[in-house]
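Visitor: Next come a sequence and a model predicted from it.
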2 protein chains.
Amino acid sequence: MKVSPLLTDLYQLTMLQGYFESGMNEKAVFEFFVRELPENRNFLIAAGLEQVISFVEELRFSSDEIEWLKSLRIFKKEFLEWLKELRFTGDLYAMPEGTIFFQNEPIIQICAPICEAQLIETRLINIVHYQTLVASKAIRMIFAAPGKLFIDFGLRRAHGAEAGLFAARASYIAGFSGTSTVLAGKLYGIPVFGTMAHSFIQAHESEISAFKNFALSMPENTVFLVDTYDTVEGVKNAIRVAKELEKEGIKIKGVRIDSGDLLSLSKKVREILDKEGFSDVKILTSGNLDEYVIKKLYESGAPIDGFGVGTLMVTSADSPYLNCAYKLMEYKGVPKRKRSEGKQTLPGRKQVYRYYKHGKMEFDVIALKEERLDGRPLIEQFIKDGKRVKELPSLEKIRAYVKEQIEELPEYLKKLKKSEEYPVKISEGIKRWIKKIDEDS
Amino acid sequence: MKVSPLLTDLYQLTMLQGYFESGMNEKAVFEFFVRELPENRNFLIAAGLEQVISFVEELRFSSDEIEWLKSLRIFKKEFLEWLKELRFTGDLYAMPEGTIFFQNEPIIQICAPICEAQLIETRLINIVHYQTLVASKAIRMIFAAPGKLFIDFGLRRAHGAEAGLFAARASYIAGFSGTSTVLAGKLYGIPVFGTMAHSFIQAHESEISAFKNFALSMPENTVFLVDTYDTVEGVKNAIRVAKELEKEGIKIKGVRIDSGDLLSLSKKVREILDKEGFSDVKILTSGNLDEYVIKKLYESGAPIDGFGVGTLMVTSADSPYLNCAYKLMEYKGVPKRKRSEGKQTLPGRKQVYRYYKHGKMEFDVIALKEERLDGRPLIEQFIKDGKRVKELPSLEKIRAYVKEQIEELPEYLKKLKKSEEYPVKISEGIKRWIKKIDEDS
């Protein structure tokens, strides 16, 4: 979705006028990072870069937008004329989407004239914060029940339109198989799933007629919702219909249970299905699921094949935001450091190096760009002088990259509860700058 | 923001094909309601109706969208042709925006051919759920510190673009004075606020030069951020600049503190400002604020004039979603009831009546539309046969309506913690229907 550049904080524009009027527009380095991992997160997955890159490339104010800004009566004519011509001409470095990362590690780095780097702050955070939040939440479902099918059902209670779309995308990156959000299929090419709601059953004379009408209309998409009135009766009705439809060559693919005690119901339903010769019919569940509920079901041996996960994932309900920031790290070549209580930053322009032992991640080092350590560098250049210099990977490639890294992830980081912290070291070069800046001030 | 009608769950479209093929399209009644109030909420504020009405009025599929649906290979040609012509032709009833409401009370009611009523479900919930969530959160800030200034600062960590915009709108409805989100100013006419970030200070040689440049550029918008290095030094620098600028006729309006112990810092800052003759300079604060922190500051007598509230409000962090639903209540004139465990609904088409005692809300009754009780009916008609029949109130009017109702709200419901439940009674008519439906099945 293309969004107006006015989707920003007013202070970005007032600061820009301040810079403009005092002629300040030297090169600045800003970095986006997460200060600390939320409770119950042992790592995060970077997501949203593709949308950030489009945003940066398309950044420009229309005449209509400039006119409206004029009407606020706080901006000067010369400034608005200059703003109208403003384009992003800087460099963008980032960890590729899908990269696993940790506290204080820059995942996006902008090197640009300070007005450009400042102006993009709000929307950049708005995109990356949320997609990263959801990707990092979604992968926990997969850890909770490895090998199962996961589908995003979250649109209705996502926080607005874009949250629904971004959640579909971010959960797909993390390893979900698809989404119920149709528009996410069109925009991102994500597989879409869906069959029927309770209202469909209720509108019919009986469950049986609802199932039958549905299957005849969509013989390839036969998942029946069985819990509208009584789940056990519902699955029996599904079987009755399945037997009739077999004669017409239509096969039932699955049943969905959306309420009640999913452990005992799924066992009962499996038993009934198997007894009647429908052992290839899958059981799908939904309704207030998150990684904690899913893990319990999985470990209790619930015969569930797939999970539709909605609200608790798309709102990242146990931790609905990240303590993230986009901060000035260098201006005119001089490293900068914010010292506000509890919000101190690491100065300078950085690279993050990852070290491995026996194929598993062992520790990371955050270093200055010029230090050049021997670990695996995680940050790459995507935009140079305003032009894209690297092709963006497809969602399929990003998913594969996430899978690869999961192989390299030490077991203790896969736990759903907070485990010991992954070591993120600070290089000697950064330590020297911190000391120098703190002494000088 | 206009959004594609493909922003929906796939099952809406598969159900529609099912209805279409079996020729079912009689009039249905769906209602949107919240099943139970979240922890720490004693009431909710309805918001988002204006966007729902626009969505319903503008609902139509473009050729491009229909083509894309065809490519999924689950929809039939005749269905897609019919879908292309589909418009909303039904009725919409609702509690006006800003209405205080409680568990199980329908706040939106759709009476339309079932295909239309079904199709709009996902986006309707997506809009109303989030705006209601935020309005209901935002008003708690105002209860925590009555008479203070509140500004929405949440865009960057809101869940995507629309969440940022909707949060600005919903918090303004609840009584906030404005937002930092520029586009919310343009789209909704909400006052926008903002001055400078830490990076602006850091990019300058000194705090003093940053303050000076800013004030000279925007003499009407002089709020200085004083905590970049050291808050006490920062306010002293602000005063130095203020004294210089006085000569040029520029007055300093405020200082903002964004970190540290806001109670002790605000006291120190107030003292310094007053001693130097700047007792009219306001103190604004921000940084991880919510109603709990604000209440503590207020009750401790922190001399803070205004609060910039962001992440914790726009994500409704202590309760990031509502347990809400949009359910079929009647089809072909017959009341319907879902009986899934924990998700039972009240059958029939309803009205909610509010009763008062000595000017304060005493209890509500949810009744069937035809019962006509003597309380104040809360639900009004907005759309008839697809056409708007009622003018929508301005945001200013909605704000005034919220204020009025706050006067009528009993004290126990204004508490930030869960207090005793406001009585919501079920009418005899509804009880009879429940009994009948449960007996018949």
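Guide: On my side now, so go ahead.

Visitor: what about the residue of chain A positioned farthest from its centre, distance to A:V241?
Guide: Using Cα atoms, centre = their mean, the residue of chain A lying farthest from its centre is A:K247. It sits 44.7 Å away. A:K247 sits at a distance of 11 Å from A:V241 (criterion: Cβ to Cβ, to the nearest Å). All C-beta spots, glycine's among them, are computed from the backbone N, C-alpha and C.

Visitor: can you give me the helices for the stretch 1-150 of chain A?
Guide: For the stretch 1-150 of chain A, applying DSSP state H, counting those that start in this stretch gives helices covering A:10-21, A:49-58, A:63-71, A:77-85, A:114-119, A:121-144.

Visitor: From the contact counts, what lies against the third one?
Guide: Spelled out, that is helix A:63-71. In terms of contacts (3 or more Cβ pairs under 8 Å, 6 or more residues apart in numbering or on different chains; DSSP states H and E), helix A:63-71 is packed against helix A:77-85, helix B:182-188.

Visitor: one more time with 7 Å
Guide: Counting contacts by 3 or more Cβ pairs under 7 Å, 6 or more residues apart in numbering or on different chains; DSSP states H and E, helix A:63-71 is packed against helix A:77-85.

Visitor: Would you map out the domains in chain A?
Guide: A:10-134+A:319-440, A:137-314 (automatic domain parsing).

Visitor: end-to-end on the longest one?
Guide: For domain A:10-134+A:319-440, the first and last residues are 33 Å from each other (Cα to Cα, to the nearest Å).

Visitor: what does stretch A:12-28 give?
Guide: One end of stretch A:12-28 sits 15 Å from the other (Cα to Cα).

Visitor: before we move on, what about stretch A:366-379?
Guide: End to end - Cα to Cα - stretch A:366-379 spans 11 Å.

Visitor: what's the distance between that stretch and the middle of its chain?
Guide: Put simply, stretch A:366-379 sits 26 Å off its chain's centre (Cα atoms, centre = their mean, to the nearest Å).

Visitor: just stretch A:364-377 next, same as before
Guide: Stretch A:364-377 sits 26 Å away from the centroid of its parent chain (Cα atoms, centre = their mean).

Visitor: So for it, first residue to last residue, what's the gap.
Guide: End-to-end span of stretch A:364-377 (Cα to Cα): 10 Å.

Visitor: Look up the closest residue to A:G429, ignoring the ones flanking it.
Guide: Distance criterion Cβ to Cβ, 6 or more residues apart in numbering or on different chains; nearest residue to A:G429, sequence neighbours excluded, is A:L368 at 4.0 Å.

Visitor: cool, A:K212 as well?
Guide: The nearest residue in space to A:K212 (Cβ to Cβ, 6+ apart) is A:V241, at 5.3 Å.

Visitor: List the contacts of the residue most central in space within chain A.
Guide: The residue lying closest to the centre of chain A (Cα atoms, centre = their mean) is A:Q131, at 2.7 Å. Shown in contact with A:Q131 (Cβ atoms under 7 Å, 6 or more residues apart in numbering or on different chains): A:A47, A:G48, A:F166, A:R169, A:A170.

Visitor: For the last one, which residues are in contact?
Guide: A:A170 makes contacts with A:A47, A:Q131, A:V134, A:A135, A:A138, as judged by Cβ under 7 Å, 6+ apart.

Visitor: With pLDDT added, can I get those residues in a markdown table?
Guide: As requested, these are exported to a markdown table (pLDDT from 0 to 100):
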| residue | pLDDT |
| --- | --- |
| A:A47 | 98 |
| A:Q131 | 98 |
| A:V134 | 98 |
| A:A135 | 98 |
| A:A138 | 98 |
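
Visitor: Point out where chain A drops to low pLDDT.
Guide: Scanning chain A with the threshold set as pLDDT under 70 gives A:1.

Visitor: Can stretch A:297-313 be said to contact chain B?
Guide: Yes: judged by Cβ under 7 Å from any Cβ of the partner chain, stretch A:297-313 and chain B are in contact via A:T311.

Visitor: what about that stretch, distance to the chain center?
Guide: Chain-centre distance of stretch A:297-313: 20 Å, with Cα atoms, centre = their mean.

Visitor: do stretch A:24-44 as well
Guide: 16 Å.

Visitor: Distance across it, terminal residue to terminal residue?
Guide: Here the two ends of stretch A:24-44 are set 36 Å apart, with distance taken as Cα to Cα.

Visitor: Show me what counts as buried in it.
Guide: The neighbour-count check on stretch A:24-44 (16 or more other Cβ atoms under 10 Å in any protein chain shown) flags A:24-25, A:27-34, A:37-38, A:40-44 as buried.

Visitor: tally of neighbours for the nearest residue to A:R169 once chain neighbours are set aside?
Guide: Using Cβ to Cβ, 6+ apart and skipping the chain neighbours, the partner closest in space to A:R169 is A:Y188 (5.2 Å). Number of residues near A:Y188 (other Cβ atoms under 10 Å in any protein chain shown) recorded here: 18.

Visitor: circling back to that earlier point, neighbouring contacts of the strand or helix carrying the residue nearest to A:K212?
Guide: Assigned by DSSP states H and E, A:V241 belongs to helix A:231-246. Identification of contacts with helix A:231-246 by Cβ under 7 Å, 6+ apart yields A:207-208, A:211-212, A:215, A:224, A:226-228, A:252, A:255, A:257, A:260, A:265, A:268-269, A:272-273, A:276, A:278.

Visitor: got the buried residues for that helix?
Guide: Of the residues in helix A:231-246, A:T231, A:G234, A:V235, A:K236, A:N237, A:A238, A:I239, A:V241, A:A242, A:L245 count as buried by neighbour count, 16+ other Cβ under 10 Å.

Visitor: What ranges does the stretch 251-400 of chain A have for its strands?
Guide: Along the stretch 251-400 of chain A, counting by DSSP state E, counting those that start in this stretch, strands occupy A:254-257, A:282-286, A:306-309, A:323-331, A:334-335, A:350-357, A:360-368, A:376-377, A:380-384, A:387-388.

Visitor: could those go into JSON lines alongside mean neighbour count?
Guide: JSON lines is the format used below for those (neighbours: other Cβ atoms under 10 Å in any protein chain shown):
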{"stretch": "strand A:254-257", "mean neighbour count": "24"}
{"stretch": "strand A:282-286", "mean neighbour count": "22"}
{"stretch": "strand A:306-309", "mean neighbour count": "24"}
{"stretch": "strand A:323-331", "mean neighbour count": "22"}
{"stretch": "strand A:334-335", "mean neighbour count": "18"}
{"stretch": "strand A:350-357", "mean neighbour count": "19"}
{"stretch": "strand A:360-368", "mean neighbour count": "19"}
{"stretch": "strand A:376-377", "mean neighbour count": "14"}
{"stretch": "strand A:380-384", "mean neighbour count": "17"}
{"stretch": "strand A:387-388", "mean neighbour count": "12"}
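
Visitor: Of all the ones you listed, which one is nearest B:Y401?
Guide: Nearest to B:Y401, of all the strands of the stretch 251-400 of chain A, is strand A:323-331, at 36.3 Å by Cβ to Cβ.

Visitor: Give me the distance from that closest one to the chain's centre.
Guide: On Cα atoms, centre = their mean, the centre of strand A:323-331 falls 21 Å from that of its chain.

Visitor: Likewise for stretch A:198-207?
Guide: Relative to its chain's centre, stretch A:198-207 lies at 36 Å (Cα atoms, centre = their mean).

Visitor: Report the buried residues of that stretch.
Guide: So, applying 16+ other Cβ under 10 Å, buried residues of stretch A:198-207: A:H198, A:S199, A:F200, A:I201, A:Q202, A:A203, A:H204, A:E207.

Visitor: likewise stretch A:140-153?
Guide: Under the neighbour-count criterion of 16+ other Cβ under 10 Å, stretch A:140-153 has A:R140, A:M141, A:I142, A:F143, A:A144, A:A145, A:K148, A:L149, A:F150, A:I151, A:D152, A:F153 buried.

Visitor: out of everything not next to it in sequence, what's closest to A:R156?
Guide: B:I125 (4.0 Å).
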